[in-house]
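> Model the following, please.
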Amino acid sequence: MRTLSVLGVLWLAAMLVVASDAGTNIIEIYVFALGGPGLAAIWAVRYGVVSRRDPARRPRNWVPVVVVIGSLAIAALFTFVGGSHNPLFLARFRASEAALTTEARRLLASGKEPPSGTRRVGLFSVQRITIVEGQVRFITTTCGVIDSCGFVYSPTTAPKRFQEDVFSPLHGRWWHLMEGF
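Residues are numbered from 1 along each chain as shown. Reported below is the predicted structural model:
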C-alpha cells in the first residue's frame, strides 16, 4: 500500500511539473489519461484485496482514499485546462518572467540567436529560441503531436503571426504561443 501511495504521489508531482509547461505533448497526455486511473485502479484492487483477506489490516483512516481521489481530480483538471489558462503554467511563468525578459532583451540587443540546444531560462527548459521581426520566441515543449508551444516577447507591437500561430496574452509584452503546422 505504501509503495502504491508513493508511486501515486510521485506520478502526481511529475504531472504537475508537466502540466505547468506551455503545452502538453501526446506522450504526456497519455501518461495523464492512463497513468492516474491505472494507479488508482491498482491501488483500489490492492486496497480491496488486503481488506478482504485480513479485516484487521483494513485501514481505518480515509486519508489514502481522499489522496487518490484528489490526485485524479487534479490530474483531470490540468489535463483539460492547458496553456495560457492553466494556473500552474501562469504561476511558473510569473516566477520566470524576470529571467525571460532579461534574456529576451539581451537577445534583441545583440540581434543574434543563441546556438541551438536546450537551455534553462527561469524555471523553463527552452528547446528553441528564435528572433523574428523584433520578437523573441521561446519554445519550451511540443503540443499534441507536431505543434510547438512556448511564449513570445514582443516589446513594441502584438506578435506577428506565421503559419498557424495562436497567441494568448500573458502579461505585459508576453504572449503564450502555439506554433501550428
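> Name the residues of stretch 169-181 that are buried.
170, 173-179 (16 or more other Cβ atoms under 10 Å). Where you see a C-beta, it was placed from the backbone N, CA and C, and this is true even at glycine.
> Could you check how far the residue lying closest to residue 101 once chain neighbours are set aside is from residue 99?
With sequence-adjacent residues excluded and distances taken as Cβ to Cβ, 6 or more residues apart in numbering, residue 101 is closest to residue 153, at 6.8 Å. Using Cβ to Cβ, to the nearest Å, residue 153 is found at 12 Å from residue 99.
> more neighbours, the two?
Between residue 153 and residue 99, counted using other Cβ atoms under 10 Å, residue 153 has the larger neighbour count: 24 against 14.
> residue contacts, the more buried one?
For residue 153, the contacting residues are 100-101, 104, 135-136, 138, 173-174, by Cβ atoms under 8 Å, 6 or more residues apart in numbering.
> ok, residues contacting the longest strand along the chain?
The longest strand of the chain (DSSP state E) is strand 135-143. Residues from elsewhere that reach strand 135-143 (Cβ under 8 Å, 6+ apart): 21-26, 83, 100, 103-104, 107-108, 121, 124-131, 148-155, 159-160, 177-179.
> how does it look with 7 Å?
21-25, 100, 104, 107-108, 121, 124-130, 148-154, 159-160, 177-179 (Cβ atoms under 7 Å, 6 or more residues apart in numbering).
> again, but for stretch 115-124
Against stretch 115-124 from outside (Cβ under 7 Å, 6+ apart): 92, 95-96, 99-100, 103, 125-127, 138, 140.
> Which of these sits closest to residue 16?
When the contacts of stretch 115-124 are compared for distance to residue 16 (Cβ to Cβ), residue 92 wins out at 10.0 Å.
> How much space separates that closest one from residue 134?
Applying Cβ to Cβ to residue 92 and residue 134 gives a distance of 26 Å.
> now do residue 70
45 Å.
> ok, now residue 148?
Per Cβ to Cβ, residue 148 is found 20 Å from residue 134.
> out of those two, which sits in the busier spot?
Higher neighbour count among residue 148 and residue 134: residue 148, with 22 against 13, using other Cβ under 10 Å.
> by how many degrees do the strand or helix carrying the more buried one and strand 135-143 diverge?
Per DSSP states H and E, residue 148 falls inside strand 147-153. Here strand 147-153 runs at 150 degrees with respect to strand 135-143, directions being taken by axes from the mean of the first three to the mean of the last three Cα atoms, to 10 degrees.
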